[in-house]
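[1] Predicted model and sequence below, questions to follow.
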Amino acid sequence: MIPDKLHLGCGRLYRPGFYNVDIDKEMADLAENYFNFKFATNKISNYYKTIQNVIKGGTA
């Protein structure tokens, strides 16, 4: 017999046969990914700006 609902603690409720997505966890993961991406793209951008400046005869 399969129960209608399955409680796994912490107020989480899972139903067999449904997509069990924890929206809070997904949103936290999305925010973390966004900030990691922004950090990486800023570092790469600054790196290439420095290289461009050196090629043009400026200083690092």
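    Thanks, I have it.

[2] what is the mean pLDDT for the helix or strand hosting residue 45?
    In this assignment (DSSP states H and E), residue 45 forms part of helix 23-55. Averaging pLDDT along helix 23-55 gives 96.

[3] Of all residues in this protein, which one is nearest the centre?
    The centre of the chain sits closest to residue 33, judged by Cα atoms, centre = their mean, with a distance of 2.0 Å.

[4] now it: how far from residue 24?
    Note on residue 33: its distance to residue 24, by Cβ to Cβ, to the nearest Å, is 15 Å. Every C-beta, even on glycine, is put in place using the N, C-alpha and C of the backbone.

[5] can you check residue 47 too?
    Residue 47 is 35 Å from residue 24, by Cβ to Cβ.

[6] same deal with residue 48?
    For residue 48, the distance to residue 24 - Cβ to Cβ - is 37 Å.

[7] Kindly report the same for residue 32.
    13 Å.

[8] what number of residues lie near residue 49?
    Residues lying near residue 49 (other Cβ atoms under 10 Å) number 10.

[9] Please shift the residue numbers so they start at 48 in all later answers.
    OK, 48 is where the count begins now, so the last one is residue 96.

[10] For it, which residues are in contact?
    For residue 96, no contacting residues are found, by Cβ atoms under 8 Å, 6 or more residues apart in numbering.
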